[in-house]
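Enquirer: fold the stuff below for me.
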Amino acid sequence: MKGFRHKSVEKKEEVNWTKYAVVTACVLLAVFMVFSMLGMSWLNIFSQAKPGNSATVDFTIRDGQNRPVVTTASNIYLQAQNAGNLVVMSDKLPIRVNISETRDLVPIQVMNPSNNGGLIDFGLFRPELDSISYGLVGMKVGDTKALQIPGATQMTRTMSRAQFANITGESFAKAKVGSQVPIAFSETPQIAVDNATPSTYLRTSTITDMTDENVTINYGYPTIDITLTQLSTSS
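Expert: Take a look at the predicted model:
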């Protein structure tokens, strides 16, 4: 018929299913190899922390005025420094889950604020470490939690002008309520028989009260923020 044209029928390209099957197999093989290299440890990201597990945590310890005094977070450390607060930075903390600490005072290494790159020992008390250990139970990798430390407000000491200057190295005249002052604690408060110098560990304290003759400081930390970053469930 005049004016009528047959439309050409485009031939559809056949799907190469063999090609897709080979590509899929290669991808699955690559995934399998990655998880084989990781072993079974990658499964721990789905596990809940149980008593006896080994954990690694990021943490920020805060004083009674909510100021960070020791942290593993660089942004928190820099913000506190810029605000003029006395703060030190630590590495992540390895700890066992739900296991009570046997020592009364435990040192952790922190960056020395007066010596860039240098390290000093910061002292943590048993209730603080126990709170972290017990608080980890049931947490998964990536979980965060704010812990309340029992008895932190009762950790105080009142001293005279002379004692304050001798223990903290700070001037009584410049001291005021709310100021942070460094203070050293020792595992062995009694002098050893061989006259060896006992090891001392830094803590940051806060002046909570002052009179004309005395200063009261608080060296307890009521809050610790933790994040579970690594968990090992192997025995």
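
Enquirer: what's in contact with stretch 56-63?
Expert: By C-beta atoms under 8 Å, 6 or more residues apart in numbering, the residues outside stretch 56-63 that reach it are 68-73, 76, 90, 92-95, 128, 132, 136, 180, 204, 206, 218, 221-231. No exception for glycine: its C-beta is placed from N, CA and C like everyone else's.

Enquirer: quick one, phi/psi of the residue positioned nearest the centre of the chain?
Expert: In the chain, the centroid-proximal residue (C-alpha atoms, centre = their mean) is residue 59; its distance is 2.0 Å. Here is the backbone geometry of residue 59 (degrees, to the nearest 10): phi -150, psi 160.

Enquirer: what pLDDT does it get?
Expert: pLDDT for residue 59: 98.

Enquirer: tell me who's in contact with residue 158.
Expert: 209, 214-216.

Enquirer: one more pass at 10 Å, please.
Expert: 164, 208-209, 211, 214-217 (C-beta atoms under 10 Å, 6 or more residues apart in numbering).

Enquirer: between these, which is closest to residue 111?
Expert: Distance to residue 111 across the contacts of residue 158 (C-beta to C-beta) is lowest for residue 217, with 23.3 Å.

Enquirer: which strand or helix spans that closest one?
Expert: strand 214-218 (DSSP states H and E).

Enquirer: who does that strand pair up with?
Expert: Neighbouring strands of strand 214-218 in its sheet, by DSSP bridges, are strand 156-160 (antiparallel), strand 200-210 (antiparallel).

Enquirer: in the first one, what counts as buried?
Expert: Buried residues in strand 156-160, counted by 16 or more other C-beta atoms under 10 Å: residue 159.

Enquirer: what's downstream of that strand, the next helix or strand?
Expert: As assigned by DSSP H and E, the chain's next helix or strand after strand 156-160 is helix 161-168.

Enquirer: for the record, mean pLDDT for that next one?
Expert: Helix 161-168 comes out at a mean pLDDT of 86.

Enquirer: what's the offset of it from the middle of its chain?
Expert: 31 Å (C-alpha atoms, centre = their mean, to the nearest Å).

Enquirer: quick one, that helix and strand 214-218 angle?
Expert: If you take axes from the mean of the first three to the mean of the last three C-alpha atoms, to 10 degrees, helix 161-168 sits at 30 degrees to strand 214-218.

Enquirer: residue 68 and residue 145: what is the separation?
Expert: Applying C-beta to C-beta, to the nearest Å, the value for residue 68 to residue 145 is 16 Å.

Enquirer: out of these two, which sits in the more crowded spot?
Expert: With neighbours defined as other C-beta atoms under 10 Å, residue 68 and residue 145 compare such that residue 68 has more, 26 against 15.

Enquirer: alright, calling it a day.
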